[in-house]
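**Student:** what would the 3D arrangement of this be:
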Amino acid sequence: MQIIPVTENNLPIYHNLAQCYEAEFSPLTGKKPDASGLFALDTLIGGNILGYLLYIDDTPAGLAAIARKENASFEVCEFYVVPVFRKNEAGMRFAHAIWERHNGTWEIKQISGADYATAFWRKTIERFGDTPFCEERYDDHYWGTVTRQTFTARCQPTAP
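**Tutor:** Just a heads-up that it's a prediction; the model follows:
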């Protein structure tokens, strides 16, 4: 497993995987592809949005978009692992590796109907050391009522 920050050079790979992510969630979001067959992306990499790519055996296997907020606060905006790689807890290890890079308060939200995503995030946070978390129903300005987890990551950061 290798985690690589998104740069200008690998941004097309991120965008390709993001299309798979958007398609997977389209039954819940109601989003449809445009006339060229592409979904509009909700989160664009750049500015305060960091992107990461997950590689397994030199193959692009997942993506993450992380918002850097004020006061060492972060939000998982997008997170996706290609279904064939959703074994051996690859997604969990991917999330843990990202959190270990960024000490601070974290927020993760799941849209209504994404019960499998909520179960994944609960399990992933619970297994992130001795990290208590809060979970609540939250009214998001963009997505409406979502499930939201918040917790604090206190780790030795690694190089990005």
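
**Student:** so the residue lying farthest from the centre of the chain is in which element?
**Tutor:** Computed with C-alpha atoms, centre = their mean, the maximum C-alpha offset from the centroid of the chain is found at Ala35, amounting to 27.0 Å. For Ala35, there is no enclosing helix or strand under DSSP states H and E.

**Student:** now swap in Thr131 and tell me
**Tutor:** Element membership for Thr131 (DSSP H and E) is empty, with no helix or strand holding it.

**Student:** now the one 3 residues further on
**Tutor:** Counting by DSSP H and E, the secondary-structure element that holds Cys134 is strand 133-140.

**Student:** return the list of helices and strands in contact with whichever helix or strand comes after that strand.
**Tutor:** Next along the chain after strand 133-140, taking DSSP H and E as the criterion, comes strand 144-153. With contacts taken as 3 or more C-beta pairs under 8 Å, 6 or more residues apart in numbering; DSSP states H and E, strand 144-153 sits against strand 104-111, helix 115-126, strand 133-140. C-beta: built from backbone N, CA, C; applies to glycine.

**Student:** parallel or antiparallel, which strands does strand 144-153 pair with?
**Tutor:** strand 104-111 (antiparallel), strand 133-140 (antiparallel) (DSSP bridges).

**Student:** most tightly surrounded among those?
**Tutor:** Among the strands paired with strand 144-153, strand 104-111 has the highest mean neighbour count (mean count of other C-beta atoms under 10 Å), at a mean of 19.

**Student:** how about it as CSV, C-alpha atoms only?
**Tutor:** Taking Å, rounded to 0.1, in the frame of the first residue of the first chain, the C-alpha atoms of strand 104-111 are listed here in CSV:
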residue,chain,number,x,y,z
GLY,A,104,-6.1,17.7,15.0
THR,A,105,-9.8,17.5,15.1
TRP,A,106,-11.5,15.5,12.3
GLU,A,107,-15.0,15.5,10.9
ILE,A,108,-16.5,12.9,8.6
LYS,A,109,-20.1,13.0,7.2
GLN,A,110,-22.2,10.5,5.4
ILE,A,111,-25.3,11.3,3.4
